[in-house]
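Novice: I'd like to go over a predicted model; first the sequence, then the structure.
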Amino acid sequence: MKTIKQIFFTDVKNLAKNLFALIIAIGVCFLPALYAWFNIYSNWDPYGNTGNLQLAAVNLDQGYTDDDGEFKNTGEDIMDELADNDKVDWQFVDSADEAIEGVESGKYYAALVVQKDFTYNMYNMFVNTTEEPTLIFYQNQKKNPVANKISDTIVTTVQSNINEEFVKVMTKTIFEDVNDMYDDIEEEGGVDAFIEKLEKLNDNLIDYQDTIDKVISGNAVLSSNIANATDDVSDLEGKTKSSAGSLSEANGSIQQSQNTLNAYKDQMNLTVDTMITMLTNMENQLKQAQISGDIDQMADACQQTLKDTNQLNKDINALSQSIADENGNTDVVNTLQQLSDAVDALQKILEQADLDGQYDATAQQIKDAEATMISDIDKAVSNITSTRNTINNQLVPQLNTCVDNLEDVIGNASTVMNNMSGVLNSMGNVFSSLQTTISTSDKSLEKTKEALSKISTRLTKAIDKAKSVEDDERVQALVDTLTGDPDMYGEFFSEPVEIESVAVYPIENYGSAVAPFYTVLSVWVGCIIMVAIVKVKISKSKYPDATPTQLFFGRGMFFIAMGQVQTLITVLGDLFILKIQCVHPLLFWVVGALTSLTFTLLIYALVYSFGDVGKAIAVVILVLQIAGSSGTYPIELLPEFFQKVYIFFPFPYAINAMRECICGLYEADIVVYLLKLLTFLGVGLVIGLLIRIPFEGLNHYMEKRLEDTEMM
């Protein structure tokens, strides 16, 4: 700690001894303050000088003469209103071409042109088929973006005022006509007849309200039915999708069955061919046995053929059972049964051909048995061959045709089910839209019913009052109850709702509003100026016993002190020179001091660790924070990139903390902002004390290479 103090006080003494260096240091302390003050002052009241903006206006309105012979020209009224408006410098020109040319050349920021039929359209819009009253607004959007926003606001205000006047005129006209009608009634004296008409009208209004109630009730029932139908459609859609899936699985099963059938056919043909070969060999052996008398050879052949016929019978029975289970085709099953019967008959022949028992028989008996067996074998081969041909040429093709037809049917059914699912989904959308329409209709009907109820109430009141007075007072009672002051009604309906604005955390001027942003920005700029002018590293030879940490903090203390002086000057200027609004001035300085401490140590650590690269990093961070720190525009209005990264920079937390001081505190928000800000103080310490170490060699190498250029 002693070494750190020694380095710091040595730096201060050296600065005080050198007048030129002292002047530069003082300038460095004031430069950030000037940067903040000029920006705050330039934004103090930017909309207070809008009277210097030149906008052109031209009136082409030809006016309109009403039925009473009174001439009106709303365009002239608009020009008079603009002449009284000192928010901008209105230039009244003689033609639309002159106004448009002035906008195109940049002489005027914008131009307002009142069309020639403006007044006529305004007074006849509900009487005759006319166009909507129109103002044409030309705007030079190239000249200045802020001027565009100001001119937009002004023309919107003009439009609002005209709309109010339009409503006032229409309402006043309507009530004047109503009053004239009651004047006619009073003159004609037809009070009783008129009261009867009012009663009928009132009855009709009541009937209309009942009808609306019935419609709303019907809509409620319809809405409930639609909700149920929507659920049914959703359920049915799920079932159709499930059915389509099941049909697809069935199609796969049918294809598998067809493959099984073909496999059975191939296996059967192979087995039959083998059996016929065996039988043929056996027959040849029997014939040879008749010649050679080899009884043993015939017995072996019979036994082998018997085994083959047993296996063949199993295959036939399995094939027959599979076809019966899957297709139920009785013709196929019967044909297979014939084959099975033929094989059974052959088995019986072979089992009875106990040639071993013929040794004691006479030669004629053996010969007869051999002949009988040969004849039976020939019949068996013929039957098996015939049955196989029937299966291959009739049964299997028929089954394949049936399977193909069934696949087509299932495929078509699956397509129908999928199409039905789409139709049901569309029906659900239709029901949803219908439900929305019903809801909107109910709201409109409720509003209509409310209006009819108010009219009916007033009519009832008028009728009751007219009936309660003497005959000679009835007309006056109706007039008093139903008529009104047209001017009063016009004023009311042109602006029926009054808005009362209540400022929460009010701020006096725009300059005070942007003071947090420009003050924080000046602190960062001041730190960059310091690291650009003052060397951040100390020669090791001057303090041979100092550790790297002591050297870091020794010179860092000087930067921190300079930063505090910069911030104090800036804050005092904000408060006492510019006189910004500040509810908590002392706290404002504390926030500024902590901001300066954090920024100074962070930027000092970057430059101490990475040299000129660190300076570049500090500038890049500055640019990103100016664009996306929510200092001027709300962060929600900025591009998505800034909305995601701005929380990783210190500016937002310092700015928000200063806003708390200027406008007023809310709970412990300022503490939260300062704690988040001070996390960047820890980032600076990590960079300066730890991350710096592995980059020392690279940093030294880069500095040497830059010096070699004799330019940097």
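Specialist: Ah, there it is.

Novice: surely residue 453 meets residue 210?
Specialist: No - applying CB atoms under 8 Å, one finds residue 453 not in contact with residue 210, separated by 11.5 Å. Quick note: C-beta positions are derived from backbone N, CA and C, even for glycine.

Novice: residue 117: neighbour count?
Specialist: For residue 117, the count of nearby residues is 18 (other CB atoms under 10 Å).

Novice: need the contact partners of stretch 101-113.
Specialist: Contact with stretch 101-113 is made by 53-58, 60, 82, 91, 93, 96, 99-100, 135-140, 142-144, 147-148, 151, 155, 158, as judged by CB atoms under 8 Å, 6 or more residues apart in numbering.

Novice: my error: substitute stretch 674-688 in the last question.
Specialist: For stretch 674-688, the surrounding residues in contact (CB under 8 Å, 6+ apart) are 552, 556, 591, 594-595, 597-598, 601-606, 608-609, 650, 653-654, 657.

Novice: cutoff 7 Å now
Specialist: Stretch 674-688 is contacted by residues 552, 591, 594-595, 597-598, 601-602, 605-606, 608-609, 650, 653-654, 657 when judged by CB atoms under 7 Å, 6 or more residues apart in numbering.

Novice: go through that stretch and flag the buried ones.
Specialist: 674, 676, 677, 678, 680, 681, 683, 684, 685, 687, 688 (16 or more other CB atoms under 10 Å).

Novice: what's the nearest residue to residue 79 if we skip its chain neighbours?
Specialist: Closest residue to residue 79 in three dimensions, ignoring its sequence neighbours and counting by CB to CB, 6 or more residues apart in numbering: residue 59, at 5.0 Å.

Novice: run through the residues that contact that neighbour.
Specialist: 75, 76, 78, 79, 114.

Novice: swap the cut-off to 10 Å and go again
Specialist: Shown in contact with residue 59 (CB atoms under 10 Å, 6 or more residues apart in numbering): 73-80, 82, 92-94, 96, 112-116, 118.

Novice: and it, how close does it get to residue 690?
Specialist: As judged by CB to CB, to the nearest Å, residue 59 and residue 690 stand 74 Å apart.

Novice: check residue 111 too.
Specialist: Look at residue 111 and residue 690: by CB to CB, they are 64 Å apart.

Novice: okay, the two: which has more neighbours?
Specialist: residue 111 (26 against 10).

Novice: confidence score at the more buried one?
Specialist: Residue 111 is assigned 87 on the pLDDT scale.

Novice: hang on, residue 527 in a helix?
Specialist: Yes - counting by DSSP: H, G, I helix; E, B strand; the rest coil, residue 527 is found in a helix.

Novice: residue contacts, it?
Specialist: Counting by CB under 10 Å, 6+ apart, residue 527 has contacts 32, 559, 562-563, 566, 596, 598-604, 606-607, 618, 622.

Novice: 7 Å - rerun?
Specialist: 563, 599, 600, 603 are the contacts of residue 527 under CB under 7 Å, 6+ apart.

Novice: which one of the residues you listed is nearest residue 585?
Specialist: residue 563 (20.0 Å; CB to CB).

Novice: of the contacts of residue 527, grab the buried ones for ChimeraX.
Specialist: Command for ChimeraX, covering only those of the contacts of residue 527 found buried under the criterion 16+ other CB under 10 Å:
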select :563,599,600,603
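
Novice: want to throw the contacts of residue 527 into CSV with secondary structure?
Specialist: Putting the contacts of residue 527 into CSV (three-state DSSP) gives the following:
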residue, secondary structure
563, helix
599, helix
600, helix
603, helix
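
Novice: pLDDT added to the contacts of residue 527, as a markdown table?
Specialist: Formatted as a markdown table, these follow (pLDDT from 0 to 100):
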| residue | pLDDT |
| --- | --- |
| 563 | 94 |
| 599 | 96 |
| 600 | 95 |
| 603 | 95 |
